[in-house]
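after the sequence you'll find the predicted model.
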Amino acid sequence: MLLKMILELCLLRTAPQELPSTRVWMGGALAAYAMADVIAVIDMLTLENALLAAVVDTLLLAAATQLVLQWRHFENRAIQTLTALAGSGALLSMLAWTGTALTRGSLPPEWIWAAFLVWYTLVFGHVLRHALSISFAAGVGAGIVYLILSMGVTGLFMNPVPATN
């Protein structure tokens, strides 16, 4: 049921407020988001760094969502918003990973990831538009800001800076 609702959300056919408002679903969506993060980078990082990056990215998603909802005085929307963002992020990440695996050799993986990054940004914009009661363009803008922040933070695990003495 939730997977179908998340798919409908990714197709911009439903809004986050239509998702169940339960901590169990939110926890499942956050766990799926973290797992999808690990799967997406496991061939580029050690398992330890992939897990650490996934945990940091998931915590960043939860913290940023909570902060922006508090700023707009919509704390009551946190569970559904996090369920929507994490669930759609996990689904789109897994679809992108599957797409790159299926097209290996015929399309550069960067093309697949770029297309999904655009889709991801539109979905995050759609969710944030509803969660924050802002325009779709502002939601997309907020989604882009989050993606830049997320890539900057998790990028630290991709190219770790050597320790200096």
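Cool, the structure landed. Numbering: from 1, shown residues only.

so which bits of the helix or strand bottoming out on mean pLDDT in the chain are buried?
Using mean pLDDT, DSSP states H and E, the weakest-scoring helix or strand in the chain turns out to be helix 136-158, at a mean of 90. Neighbour-count burial for helix 136-158, with 16 or more other CB atoms under 10 Å as criterion, is recorded at 139-140, 142-143, 146, 150, 154, 157. Every C-beta, even on glycine, is put in place using the N, C-alpha and C of the backbone.

just put those residues in JSON lines and tack on distance to residue 14.
Conversion of the buried residues of helix 136-158 to JSON lines gives the following (distance: CB to CB, whole Å):
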{"residue": "139", "distance to residue 14": "15"}
{"residue": "140", "distance to residue 14": "18"}
{"residue": "142", "distance to residue 14": "19"}
{"residue": "143", "distance to residue 14": "17"}
{"residue": "146", "distance to residue 14": "21"}
{"residue": "150", "distance to residue 14": "24"}
{"residue": "154", "distance to residue 14": "28"}
{"residue": "157", "distance to residue 14": "33"}
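
out of those, flag the one nearest to residue 69.
Comparing the buried residues of helix 136-158 against residue 69 with CB to CB places residue 142 closest, at 11.4 Å.

can you pull the contacts of the closest one?
For residue 142, the contact set (CB atoms under 8 Å, 6 or more residues apart in numbering) comprises 68, 124-125, 128, 132, 134.

by neighbour count, which of the residues you listed wins?
Most neighbours among these, by other CB atoms under 10 Å: residue 128, with 27 neighbours.

which one is it nearest to, not counting chain neighbours?
Leaving aside its chain neighbours, residue 128 sits nearest to residue 139 (3.9 Å; criterion: CB to CB, 6 or more residues apart in numbering).

so that neighbour sits against residue 126, correct?
Yes: assessed by CB atoms under 8 Å, residue 139 is found in contact with residue 126 at 6.5 Å.

next secondary structure after the host helix or strand of residue 26?
Using DSSP states H and E, residue 26 falls within helix 23-41. Counting by DSSP H and E, the next helix or strand C-terminal to helix 23-41 is helix 47-71.

next, the buried residues of that following helix.
Going by neighbour count (16+ other CB under 10 Å), the buried part of helix 47-71 is 49-54, 56-58, 60-62, 64-65, 68-69.

for the residues you listed, which one is nearest residue 19?
Among those, residue 65 lies closest to residue 19 (CB to CB), at 13.7 Å.

list the contacts of the closest one.
For residue 65, counting by CB under 8 Å, 6+ apart, the contacting residues are 78, 81-82, 85, 131.
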